[in-house]
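Chemist: generate coordinates for the sequence data below:
(one chain, ligands or ions: 1)
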Amino acid sequence: MYRAPLKDLRFILDELIGEAAIRSGSTDGAYSAETSAAILEEGGKFAEGILDPINQLGDRQGATWTADGVKMPAEFKAAYRQFVAGGWTQLGASPEFGGQGMPLVLGTAVDELWASANLAFKLCPMLTKGAVEALEQYGSEAQKHAYILKMVSGEWAGTMNLTEPQAGSDLGAIRTRATPDGEHFRIIGQKIFITYGDHDFTPNIIQMVLARIDGAPAGVRGISLFIVPKVMVNCDGTLGARNDVRCVSIEHKLGIHASPTCVLAYGDAGGAIGYLVGEANRGLEYMFVMMNAARLSVGLEGYAMAERAYQQAAEWAKTRVQGKPPIAGSSSAPIIHHPDVKRMLLTMKSHTEAMRALALYAAHQLDLGAGHADASVRALAQARGELLIPIVKAWSTESGIEIASLGVQVHGGMGFIEETGAAQLLRDVRITSIYEGTTGIQANDLIGRKLGRDRGAALAALLGDIETELQAISNSDAALQSCKEATRQGLTLVKDASATLLESLATDPKNAAAVAVPFLMLCGTVFGAWLMTRAAAIAAEQRRKHPADAEFYTAKLATARFYAAHIAPRALGYASIVKNGAASVNEAGAECLA
Ligand SMILES: Cc1cc2nc3c(=O)[nH]c(=O)nc-3n(C[C@H](O)[C@H](O)[C@H](O)COP(=O)(O)OP(=O)(O)OC[C@H]3O[C@@H](n4cnc5c(N)ncnc54)[C@H](O)[C@@H]3O)c2cc1C
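Modeler: Predicted structure coming up:
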């Protein structure tokens, strides 16, 4: 049974980031901790009461392909109707289009609840939101008017159509064609792996499709973005004829069985009608708007699944009696008292807290980047948010997989048996480090676009701010001191590693590429330590001020201390690989791998 970690989320929103800071990044300045608490409370009820109870059913039953389209389990359709009726599709959307205009940081906190409770369900609203954001930014007034309101209200859903059999990580290889036909285009081609590419939650699905206009330049500079509705929309907004797009099959896969992964055929009957978004050949650039939002949201899936795996493992460990743990006066006791089981649970809990803090911090930076009154704050925060996105995406999902695997381990053999649900978590989370750009692609983005392009300026600004923050923290508590020290050491490692990488990027980029993932993991680990230090500093002070909440704050200090001792030292290994590891990759011929 899933319990929404509302107190942990509010700790980050209200104390680690703070109401005033969040308000300064909200476009209408209307954010309040009180409203946010009420939204989280209601979100928690929905996640626990509606989404969690159908999670295992979704895994067993999955989505079903039929010649008439993909059918979702009836319980999922009912949940979607309730989700829409509850206004959850509107939370972060702009009030101009019927949204509630809540800051991204709150949306990110709420999205965690959906992802933990039912990852397969969560993907549908996530993709619709991404499509809305791209249309808001690049669509014409007529396109915005025709589509956004109904997508924000949840009446219609949206998707993201990039992948083709020969074009996965390499989107420059996209072949889907767009032929001009009067005011619109005819789209012909095949897209694969399209999440919620077809379903019966909604009567219409707005496919956002990347395709190549006839005669466009080769590679990424010749790709355009199109709106391709599943059902054509009449001038008065009512639905017309079916467009020429069909789901020809859905994939059988390791996890997220209730999320239909579709093969979509465009143009079998002459060409699907598609409408160009923005300018021709700038589709990939526009799609990046959707991808940035989606990458943050997939990053949170990593720790959302980790949170759930932790909750489940901790429950199990409290009741499973085995062996004689080293506690006074006991012959046999629950396994939670074995030091190694405690180590696993603390790994799960502390790592999850650090990932959540970093993701919410990144979301807050993007809010500041969009909504702060001061242009210089906006610029700095936007660059920082963008720097952190690949780290949140890849570090949190890779770690989420590790933690879900630990969740199985805590259960022992029963973890491997489907009925406990621990195995489903591991199967479901496995995709998160693959879709929306694999870990390797995130690391390329980090070192290429984020570090290389500004010669490390955004990273250096963040490191400088962390150093200043550490100086202002007094060593009032042993846990706090150990976390602060671990962060300080980590900062030196990140600084050295980024200098090594910048040098490689300038002299021999393949050496940077060979160690890009360890560099990304180094950054995640160290930034996690920084925010755990901030959390520990707050907890040490609040514990003194609010003895009634001592248990909560003592647990925060315990996880910070554990993070410093068990997780932060991984930074040493990653840094060593960045410094010394490139040659062993690049000098090994491909024949070594035969
Ligand atoms: C369940 C599921 C849902 C999905 N949903 C969607 C969706 O809604 N819309 C959509 O468009 N797509 C979707 N995808 C596709 C997904 O985004 C791709 O699978 C992913 O981007 C990887 O592409 P690929 O599978 O072709 O792997 P490949 O690109 O073939 O990658 C294979 C391996 O090579 C590595 N690699 C490739 N290129 C590089 C490089 N330049 N540098 C370093 N390493 C590299 C990768 O990291 C990976 O380890 C989904 C996929 C799945 C399985």
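
Chemist: around the ligand, which positions in the protein sit nearby?
Modeler: By CB under 6 Å from any ligand atom, the part of the chain that sits against the ligand consists of 160-163, 168-169, 193-195, 253, 261, 431, 434-435, 437-438, 440-441, 444. Just so you know, the C-beta spots here come from the backbone N, C-alpha and C atoms, and that holds for glycine as well.

Chemist: switch to 8 Å and redo it
Modeler: By CB under 8 Å from any ligand atom, the residues of the chain that approach the ligand are 123, 127, 159-163, 167-170, 191-197, 210, 251, 253, 256, 259, 261, 431, 434-441, 443-444, 513, 516.

Chemist: filter these down to the buried ones.
Modeler: Neighbour-count burial within the residues of the chain next to the ligand applies to 123, 127, 159-163, 167-168, 191-197, 210, 251, 256, 259, 261, 431, 435-439, 441, 443-444, 513, 516; the criterion is 16 or more other CB atoms under 10 Å.

Chemist: can you flag which of the residues you listed belong to helices?
Modeler: Using DSSP state H, the members of those that fall within helices are 123, 127, 439, 441, 443-444, 513, 516.

Chemist: and of these, the nearest to residue 350?
Modeler: Proximity to residue 350 was ranked across those by CB to CB; first place goes to residue 439, at 21.6 Å.

Chemist: report the contact partners of the residue nearest to the closest one when sequence neighbours are not counted.
Modeler: With sequence-adjacent residues excluded and distances taken as CB to CB, 6 or more residues apart in numbering, residue 439 is closest to residue 394, at 4.4 Å. The contact partners of residue 394, by CB atoms under 8 Å, 6 or more residues apart in numbering, come to 299, 433, 439, 442-443, 517, 520-521, 524.

Chemist: 7 Å instead, please
Modeler: By CB atoms under 7 Å, 6 or more residues apart in numbering, the contact list for residue 394 reads 433, 439, 442-443, 520.

Chemist: nearest to residue 371, of the residues you listed?
Modeler: Distances from the contacts of residue 394 to residue 371 were compared by CB to CB; the smallest belongs to residue 442, at 25.8 Å.

Chemist: and that closest one, how far is that from residue 518?
Modeler: Distance, residue 442 to residue 518, by CB to CB, to the nearest Å: 13 Å.

Chemist: more crowded one of these two?
Modeler: Comparing residue 442 with residue 518 by neighbour count (other CB atoms under 10 Å), the higher total belongs to residue 442, at 27 against 21.

Chemist: chain neighbours aside, what residue packs nearest to whichever residue of the stretch 451-594 of the chain sits closest to the ligand?
Modeler: Nearest residue of the stretch 451-594 of the chain to the ligand (CB to the nearest ligand atom) works out as residue 513 at 6.7 Å. Of all residues beyond its chain neighbours, the one nearest residue 513 is residue 444 (6.8 Å), with distances taken as CB to CB, 6+ apart.

Chemist: so the one you found makes contact with residue 516?
Modeler: Yes: with contacts counted by CB atoms under 7 Å, residue 444 reaches residue 516, the gap being 6.0 Å.

Chemist: the strands in the stretch 201-350 of the chain, which residues?
Modeler: In the stretch 201-350 of the chain, the segments counted as strands under DSSP state E, counting those that start in this stretch are 205-213, 224-229, 231-233, 239-242, 245-250, 261-266, 272-277.

Chemist: dump the ones you listed to JSON lines, plus mean pLDDT and distance to residue 176.
Modeler: Shown next, in JSON lines, are these (pLDDT from 0 to 100; distance: least, CB to CB, whole Å):
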{"stretch": "strand 205-213", "mean pLDDT": "98", "distance to residue 176": "4"}
{"stretch": "strand 224-229", "mean pLDDT": "98", "distance to residue 176": "9"}
{"stretch": "strand 231-233", "mean pLDDT": "97", "distance to residue 176": "19"}
{"stretch": "strand 239-242", "mean pLDDT": "97", "distance to residue 176": "19"}
{"stretch": "strand 245-250", "mean pLDDT": "98", "distance to residue 176": "11"}
{"stretch": "strand 261-266", "mean pLDDT": "98", "distance to residue 176": "6"}
{"stretch": "strand 272-277", "mean pLDDT": "98", "distance to residue 176": "10"}
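
Chemist: so how far is the ligand from the residue nearest to residue 439?
Modeler: 10 Å (CB to the nearest ligand atom, to the nearest Å).

Chemist: for the helix or strand harbouring that residue, which residues meet the burial criterion?
Modeler: Using DSSP states H and E, the element containing residue 394 is helix 375-411. Of the residues in helix 375-411, 378, 380-411 count as buried by neighbour count, 16+ other CB under 10 Å.

Chemist: what does stretch 215-224 give?
Modeler: Taking 16+ other CB under 10 Å as the criterion, stretch 215-224 shows 216, 220, 222-224 as buried.

Chemist: repeat for stretch 498-512
Modeler: Along stretch 498-512, these residues count as buried under the neighbour rule (16+ other CB under 10 Å): 498, 500-502, 504-505, 511-512.

Chemist: let me see the mean pLDDT of that stretch.
Modeler: The predicted model gives stretch 498-512 an average pLDDT of 96.

Chemist: contacts for stretch 310-319 next, please.
Modeler: Counting contacts by CB under 7 Å, 6+ apart, the residues outside stretch 310-319 that touch it are 2-3, 334-336, 341, 345, 348-349, 352, 403, 407, 410-411, 421-422.

Chemist: now, of those, which are buried?
Modeler: 2, 334-336, 341, 345, 348-349, 352, 403, 407, 410-411, 421-422.

Chemist: give me the number of residues near the residue nearest to residue 54 when sequence neighbours are not counted?
Modeler: Once its chain neighbours are removed from consideration, residue 54 has its nearest residue in residue 75; the separation is 4.5 Å (CB to CB, 6+ apart). The burial count assigned to residue 75 is 16, neighbours taken as other CB under 10 Å.

Chemist: I'm done for today, thanks for sticking with me.
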